[in-house]
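Chemist: sequence and predicted model, in that order:
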Amino acid sequence: GAGVSQTPSNKVTEKGKYVELRCDPISGHTALYWYRQSLGQGPEFLIYFQGTGAADDSGLPNDRFFAVRPEGSVSTLKIQRTERGDSAVYLCASSSSPRTSPHEQFFGPGTRLTVL
Amino acid sequence: AQKVTQAQTEISVVEKEDVTLDCVYETRDTTYYLFWYKQPPSGELVFLIRRNSFDEQNEISGRYSWNFQKSTSSFNFTITASQVVDSAVYFCALSEARLNDMRFGAGTRLTVKP
């Protein structure tokens, strides 16, 4: 079956611009996660959705970052007033995890964001 | 706070050698989950294993094996008879049961030379 897909695969933008990154999880997966991976580092947690609601957004670095999942499937990560330090690979993952037991997360290929 | 340390930044071996990737974790919780993921050059993270804190049995899957020791807070990963296709970055990760995030280590880049 289809895995997690993310679009675009690459995004180049200028400092100060607004960007949207899209994640399409595996069908039926209720849990959706966003991570950010900087060069040479492991993925860093940003936000977790269970269904339509953001159950944990403690990893969002500041209020320029926002994510939505209005229908409990596709999610969009939105970054306002981008900065050069936002350049990274943004990873999305989904799982069939119930609230209390983390199952394995299935990752998408990521979106490489470059802020010039 | 939860934390994962992968002290080996890079490892290089010759094909058919055995190699062990180290992972040390910190957590105050008694219930937690440990994971290993592989990130090949294509970039996509591939799930390898999940282990919960109450199951200290070692696991073997083909050429892969994992050694979980709570006494030393370690969850090491061994590849036996390494192959060139094993070349990738390997991440160890920790998830506490009461939280929803997964904390990753910095990763170990494994290069297997023919």
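Modeler: Cool, got the structure. Numbers count the residues shown, from 1 in each chain, chains lettered A, B, ... in the order given.

Chemist: quick one: residues contacting the most centrally placed residue in chain A.
Modeler: Nearest to the mean C-alpha position of chain A, by Cα atoms, centre = their mean, lies A:Trp34 at 3.0 Å. Applying Cβ atoms under 8 Å, 6 or more residues apart in numbering or on different chains, we find A:Trp34 in contact with A:23, A:45-48, A:67, A:75, A:77, A:90-92. Placement of C-beta: from N, CA and C, glycine included.

Chemist: just the closest of these to B:Gln69, please.
Modeler: If you rank the contacts of A:Trp34 by distance to B:Gln69 using Cβ to Cβ, A:Phe45 comes first, at 25.6 Å.

Chemist: how about the strands in chain B?
Modeler: Under the criterion DSSP state E, strands of chain B are mapped to B:3-5, B:10-14, B:19-21, B:24-26, B:32-39, B:46-52, B:59-61, B:64-69, B:74-79, B:88-96, B:103-104, B:108-113.

Chemist: in chain B, what residue is nearest chain A?
Modeler: B:Phe104 (3.2 Å; Cβ to the nearest Cβ).

Chemist: show me what that residue is bridged to.
Modeler: Under DSSP bridges, the beta-bridge partners of B:Phe104 are B:Ala93.

Chemist: thinking again about what came up before, and of the contacts of A:Trp34, the nearest to B:Val84?
Modeler: The closest of the contacts of A:Trp34, once distances to B:Val84 are taken by Cβ to Cβ, is A:Leu91, at 25.5 Å.

Chemist: what's the burial count for A:Gly51?
Modeler: 13 (other Cβ atoms under 10 Å in any protein chain shown).

Chemist: what's near enough to touch it?
Modeler: Contact analysis of A:Gly51 by Cβ under 8 Å, 6+ apart lists A:30, A:69, A:72.

Chemist: returning to what we had before: and of the contacts of A:Trp34, the nearest to B:Phe91?
Modeler: Nearest to B:Phe91 among the contacts of A:Trp34, with distances taken as Cβ to Cβ, is A:Leu91, at 11.4 Å.

Chemist: interface residues of chain A facing chain B?
Modeler: Proximity of chain A to chain B is confined to A:31, A:33, A:40-45, A:48, A:50, A:55-56, A:58-59, A:89, A:91, A:93, A:100-110 under the rule Cβ under 8 Å from any Cβ of the partner chain.
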